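**Q** Could you work out the structure for the sequence below:
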Amino acid sequence: MSKFEGVIVSDQWLHSQFTQVELRSLKSKFVSLKNQNGKVTFGDLPPLMVKLNAFRDMYSEDEIRGILGESGTDFTNDIDFEAFLKAYLNLQSQATTKQGGRRHSSSFLKETVTTLLHTISESEKACYVAHINSYLGDDPFLKQYLPLDPATNDIFDLAKDGVLLCKLINVAVPGTIDERTINCKRNPSFWEVNENHTLCLNSAKAIGCTVVNIGAQDLVEGRPHLVLGLISQIIKIQLLADLNLKKTPQLVELVDDNEEIEELLNLSPEKVLLKWMNFHLQRAGYEKTVRNFSSDVKDGEAYAYLLNVLAPEHCSPATLDTKDANERANLVLDHAERMGCKRYLTPRDVAEGTSNLNLAFVAQLFHHRSCLSTDTKKMSYAEMMTDDVQTSREERCFRMWINSLGISTHVNNLFEDVRNGWILLEVLDKIFPGSVNWKHATRPPIRMPFRKVENCNQVIKIGKQLRFSLVNVAGNDIVQGNKKLILALLWQLMRFTMLQLLKNLRSHSQGKEISDADILKWVNRKVKIIGRTSHIESFKEKSLSSGLFFLELLSAVEPRVVNWNLVTKGESDDEKRLNATYIISVARKLGCSIFLLPEDIMEVNQKMILTLAASIMYWSLQQQTEDTDSFPSPVNTATTTTPEASPAPSVCGEDESSSIGGEFSNLSVDDATSDTTATSSQPESDSVSAGDELL
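**A** Sure thing, here's the model as predicted:
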């Protein structure tokens, strides 16, 4: 089905130091150095290394030459790819030392470059194993393999076929993956395993995980630091899922008056959890404020006070009387266990201030016994503050899309987080490299309001350079949190990216612009080729709600991907939902990175429908088996179909020859939530290389 060919490195230790995404990018760099004789010398490396993101701000070319020559290297000698990798690791190791060392942690995979971050926590592994045993122990397929032993590497072995990770995603956010699309077999084929991991990675992105620089092959190999990092993100999402006013209206008790409810709505789940903890600690008479889940809780005192409020019936005076932190931590955990919270962490984890495990512990306490009452007046006001369903879905879509790009800032609340302009500048710099003048940008925290306006004014300026429709729009509109404008701007950013990726694949077509009509024509042609009679006139046709057209399209681009025995007629709402859920999972399993929900298909949300069609088109154009009468792909893609193969900016450096430039056309999309649409061409002088985004 999907084409796959990993970069093979014979030295297993060396191979383990890189993800497949990194290896593919580095391999392309190495190949670009080859001379007419097909060889690369040590002398060729310094000019290349100094341009890589990992070393660009660390070394000059002469310094790199000096480091490489420390061992008496003859710069005229030929080197192979593995020697190149060793030189890269040597430089990176010295760069890390120069920076004062990098924190080793697999937790939540927030680093965009995972090389050399291979230290895993045995305590975290044990915690996640206990979580998996608890939540998936009754799964019809996995129960034959569970419970796992935390003292072994069983978790990594079981994760290799992708089933465990897919199932865990559905535990965290139920319904994300249609389990009919998971290849649940005792001995799955290589291709079925690859499909499971592709489905897993695309679905993980869709629920908010950061999976930059992880490919399906990395999970197939069961690399511990990557597997554990992904599992930790999924579990974190599950544990924090209810820490918002929509899911838990009782949280409104944490504010003193109605004026603060909007502030609570804008807090990240972690900060809401801290606010909840401090709320009860204040009631208990604890004089300090807990600001983190590490140093502020490692002595166990805050936990002792908190548990005395949550479960006074199990209170023990000895917990506060003891002077030994380890003993106090042990008594705290005994207290929690008596109130029904399983002991996932150890006294040592508390005493050492292991952030992830302490966060998980507090989240479990919240779920088990929040001790919040219901204030009817406050709850009614909180409900007024929430967005309508359509706005909420679009906010979620754009928030997940931004987080999938691999920018340094994580978006928790879209409308609040973009108001200072910084995140929007990061997004623009990612999809249109070099467009942002960082000298005129202010990094958060920003105390002066005019600095926020300056950031947002630059966002608007760049948007106009890209020919976005921003008539009578100023940076202050973003600072003021104009939701309609923010959604419209982000839609144009996403659409620009989508069109540019499609255009890059059609670079041999004399720069012919892409339009929604081209995408529409393409999908109709693909369906017609396989003998189907379905035809649509636009992406807002009500007939699309049944899902049958997109299932036919998916079957057209890959005949084996759709199991027609699972397809309904799409007549009732229940049948439409089954089809819509199946479409999304099949598309992700194929390799499409999409962020829409089943409701977007059922209600024929034109913007989301267009992104789905474009994503399928993009994937299909990447395949070498593309039909000659559809738009030909000039790119020879012999790599795994991973989340990078999708209408989202390339963040792995694989498409380095492409450039953000040229023309693109207006997509005439009716936008119920926005006045704005993208207009025709890009600035004539803009032809900025996508560059080396990974390294």
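
**Q** Spell out which helix or strand contains residue 526, please.
**A** Take DSSP states H and E as the rule and residue 526 turns out to sit in helix 516-529.

**Q** can you give me the strands for this structure?
**A** Per DSSP state E, the chain has strands spanning 40-41, 78-79, 659-661, 687-689. These are given in chain order.

**Q** Pop the domain breakdown of the protein in here.
**A** When the chain is parsed with the TED database, its domains come out as 10-101, 120-238, 247-380, 386-503, 514-627.

**Q** Report the distance from the helix holding residue 526 to the chain centre.
**A** In this view, helix 516-529 has its centroid 30 Å away from the chain centroid, taken as Cα atoms, centre = their mean, to the nearest Å.

**Q** Average the pLDDT values over that helix and round to the nearest integer.
**A** Within the predicted structure, the mean pLDDT of helix 516-529 is 94.

**Q** List the buried residues of that helix.
**A** In terms of neighbour count (16 or more other Cβ atoms under 10 Å), helix 516-529 has its buried residues at 516, 518, 519, 520, 522, 523, 524, 526, 527. Where C-beta positions appear, they are placed from N, C-alpha and C, glycine not excepted.

**Q** hey, C-alpha coordinates of stretch 283-295 in PDB?
**A** Listed next in PDB are the C-alpha coordinates belonging to stretch 283-295 (Å, rounded to 0.1, in the frame of the first residue of the first chain):
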ATOM      1  CA  ARG A 283      -8.800  26.200  52.900                       C
ATOM      2  CA  ALA A 284      -6.500  23.800  54.800                       C
ATOM      3  CA  GLY A 285      -4.400  26.700  56.100                       C
ATOM      4  CA  TYR A 286      -1.300  25.900  54.100                       C
ATOM      5  CA  GLU A 287       0.700  29.100  53.900                       C
ATOM      6  CA  LYS A 288       2.700  28.500  50.700                       C
ATOM      7  CA  THR A 289       1.600  28.600  47.100                       C
ATOM      8  CA  VAL A 290       2.300  25.600  44.900                       C
ATOM      9  CA  ARG A 291       3.600  26.900  41.500                       C
ATOM     10  CA  ASN A 292       4.900  23.600  40.000                       C
ATOM     11  CA  PHE A 293       4.700  19.900  40.300                       C
ATOM     12  CA  SER A 294       8.400  19.400  41.200                       C
ATOM     13  CA  SER A 295      10.300  21.500  43.800                       C
END
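
**Q** show me where pLDDT drops low in the stretch 51-200 of the chain?
**A** Judged by pLDDT under 70, the stretch 51-200 of the chain has its weakly predicted residues at 53, 56-57, 70-73, 95-119.

**Q** re the thing from before, JSON lines for the buried residues of helix 516-529, including distance to residue 261?
**A** Written out in JSON lines, the entries for those read as follows (distance: Cβ to Cβ, whole Å):
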{"residue": "516", "distance to residue 261": "40"}
{"residue": "518", "distance to residue 261": "46"}
{"residue": "519", "distance to residue 261": "42"}
{"residue": "520", "distance to residue 261": "44"}
{"residue": "522", "distance to residue 261": "47"}
{"residue": "523", "distance to residue 261": "45"}
{"residue": "524", "distance to residue 261": "49"}
{"residue": "526", "distance to residue 261": "49"}
{"residue": "527", "distance to residue 261": "49"}
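
**Q** which one of the residues you listed is nearest residue 404?
**A** The closest of the buried residues of helix 516-529 to residue 404 turns out to be residue 519 (Cβ to Cβ; 21.2 Å).

**Q** show me the contacts for that closest one.
**A** Contact analysis of residue 519 by Cβ atoms under 8 Å, 6 or more residues apart in numbering lists 502, 610, 613, 614, 617.

**Q** What distance do you get for it to residue 90?
**A** Residue 519 sits 47 Å away from residue 90 when distances are taken as Cβ to Cβ, to the nearest Å.

**Q** Equivalent analysis for residue 256, please.
**A** Here the distance between residue 256 and residue 90 works out to 57 Å (Cβ to Cβ).

**Q** Looking at these two, which has the bigger crowd around it?
**A** Between residue 256 and residue 90, counted using other Cβ atoms under 10 Å, the more crowded position is residue 90 (14 against 8).

**Q** That one: what's its closest spatial neighbour, skipping adjacent residues?
**A** Nearest residue to residue 90 in three dimensions, chain neighbours excluded: residue 67, at 7.1 Å (Cβ to Cβ, 6 or more residues apart in numbering).

**Q** go on, residue 370?
**A** Excluding its sequence neighbours, the residue lying closest to residue 370 (Cβ to Cβ, 6+ apart) is residue 250, at 6.6 Å.

**Q** lowest-pLDDT helix or strand in this structure?
**A** strand 659-661 (a mean of 29; mean pLDDT, DSSP states H and E).

**Q** By mean pLDDT, show me the worst of the domains of the chain.
**A** Out of the domains of the chain, the stretch the model trusts least by mean pLDDT is domain 10-101, with a mean of 76.

**Q** from the middle of its chain, how far away would that one be?
**A** 28 Å.

**Q** do stretch 297-317 as well
**A** Counting by Cα atoms, centre = their mean, stretch 297-317 comes out at 36 Å from the chain centroid.

**Q** ok, and for the helix ranked longest in the chain, which residues are buried?
**A** Of all the segments of type helix in the chain, defined by DSSP state H, the longest one is helix 483-505. Of the residues in helix 483-505, those buried by neighbour count under the rule 16+ other Cβ under 10 Å are 485-505.

**Q** Can you tell me which helices and strands it packs against?
**A** Using 3 or more Cβ pairs under 8 Å, 6 or more residues apart in numbering; DSSP states H and E as the contact criterion, the secondary-structure elements in contact with helix 483-505 are helix 389-404, helix 414-417, helix 422-431, helix 449-465, helix 475-479, helix 606-622.

**Q** all helices for the stretch 1-150 of the chain, in order.
**A** For the stretch 1-150 of the chain, applying DSSP state H, counting those that start in this stretch gives helices covering 12-16, 20-32, 45-49, 61-68, 81-98, 122-136.

**Q** could you say what helices and strands the fifth one packs with?
**A** Identification of packing neighbours for helix 81-98 by 3+ Cβ pairs under 8 Å, 6+ apart yields helix 12-16, helix 20-32, helix 45-49, helix 61-68.

**Q** want to try CSV for the ones you listed, with mean neighbour count and distance to residue 582 as columns?
**A** Converted to CSV, these look like this (neighbours: other Cβ atoms under 10 Å; distance: least, Cβ to Cβ, whole Å):
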stretch, mean neighbour count, distance to residue 582
helix 12-16, 12, 37
helix 20-32, 20, 28
helix 45-49, 21, 46
helix 61-68, 16, 52
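
**Q** how about those helices in TSV, adding distance to residue 342?
**A** What follows is those, written out as TSV (distance: least, Cβ to Cβ, whole Å):
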stretch	distance to residue 342
helix 12-16	33
helix 20-32	36
helix 45-49	49
helix 61-68	50
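
**Q** So for residue 236, which of those helices sits nearest?
**A** With Cβ to Cβ, the closest approach to residue 236 among the helices and strands packed on helix 81-98 belongs to helix 20-32: 22.6 Å.

**Q** quick one, the closest one and helix 81-98 angle?
**A** 120 degrees (axes from the mean of the first three to the mean of the last three Cα atoms, to 10 degrees).

**Q** How about residue 266, nearest residue that isn't a chain neighbour?
**A** Nearest residue to residue 266, sequence neighbours excluded (Cβ to Cβ, 6+ apart): residue 416, at 3.9 Å.

**Q** Actually, residue 364.
**A** For residue 364, the nearest residue in space outside its immediate sequence neighbours is residue 341; the separation is 5.1 Å by Cβ to Cβ, 6+ apart.
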